[in-house]
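1. Take a look and give me a structure for this.
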Amino acid sequence: MKALVTGGSGALGHAISEALAAAGHEVWVHGHRNIAAAEAVVAGIAASGGNAHAIGFDVTNASESLAALERVLESGPVQIVVNNAGIYDDAPMPGMTQQQWRSVIDVTLNGFFNVTQPLLMPMIRTRWGRIVNIASVTGLVGNRGQTNYAAAKAGLIGATKSLALELASRHITVNAVAPGIIASPMTETAFPPERIKQLVPAGRSGTPQEVAAMVAYLVSDAAAYVTGQVLSVNGGMA
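-> Below is the predicted model of the structure:
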């Protein structure tokens, strides 16, 4: 199956791309500002015997996204879509700028639409597909300083549930994965070990591979009856 992973150049997207390639899928690893990182992910997958390609476009730009996706569709439908692209720009809402609000919403929600909508009819014609949207524990319970991020991720969860209803009869599943604190250079700075122990019942941050394993399950045949769900990978935070 052909799979597209947006935000594939980041730590989580990297792990998801590797997991899908290991399952035998042809993976298109998306990047935008750091296409070199996406190409590095592709090189690693190829070195392990997998099949992957890098692709670069701005998910917030509808025409640019469509042009890039049409090139991918030339060789057949994309039947697995992982909407992982997202940004954060934290601030308490009284001091949040219009740009901080709009940019975070734009990448997560408009990016989801710009990438997924053009791929739906080709997927529907095959009567098989898997769409996985990467949400967040913040979209479920909120977080101080992240009103924009929480709104974006909660909106993505609502879109997941609605699209799942539209596509279920076509044997296409749509689910969301909501990670908690996942180990990365960013979280190491934001969450020192003592703070993680306070926040996470499991007492540790998760790994990108643990989230990727959930994605790999959701796109597999074993998850054919799982749709419209939000599966949390957060060590018991919510």
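2. any weak-confidence spans in the protein?
-> Within the chain, not a single segment meets pLDDT under 70.
3. Helices of this structure, residue ranges please.
-> Under the criterion DSSP state H, the chain carries helices at the ranges 11-22, 35-47, 62-73, 98-105, 111-126, 137-141, 147-167, 185-190, 193-199, 208-218.
4. Tell me which of those helices sits nearest to residue 227.
-> helix 147-167 (4.5 Å; C-beta to C-beta). All C-beta atoms are positioned from the backbone trio N, CA, C, and that covers glycine.
5. thinking again about what came up before, okay if I get the helices of the chain as CSV plus distance to residue 53 and mean neighbour count?
-> CSV is the format used below for those (distance: least, C-beta to C-beta, whole Å; neighbours: other C-beta atoms under 10 Å):
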stretch, distance to residue 53, mean neighbour count
helix 11-22, 10, 25
helix 35-47, 6, 17
helix 62-73, 8, 16
helix 98-105, 28, 16
helix 111-126, 16, 19
helix 137-141, 30, 20
helix 147-167, 25, 19
helix 185-190, 26, 12
helix 193-199, 36, 12
helix 208-218, 19, 20
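6. a markdown table for those, including distance to residue 28?
-> Putting these into a markdown table (distance: least, C-beta to C-beta, whole Å) gives the following:
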| stretch | distance to residue 28 |
| --- | --- |
| helix 11-22 | 9 |
| helix 35-47 | 9 |
| helix 62-73 | 6 |
| helix 98-105 | 24 |
| helix 111-126 | 11 |
| helix 137-141 | 26 |
| helix 147-167 | 20 |
| helix 185-190 | 25 |
| helix 193-199 | 33 |
| helix 208-218 | 15 |
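7. Now find how far off-centre stretch 74-81 is within its chain.
-> Using C-alpha atoms, centre = their mean, to the nearest Å, the distance from the centre of stretch 74-81 to the centre of the chain it belongs to is 17 Å.
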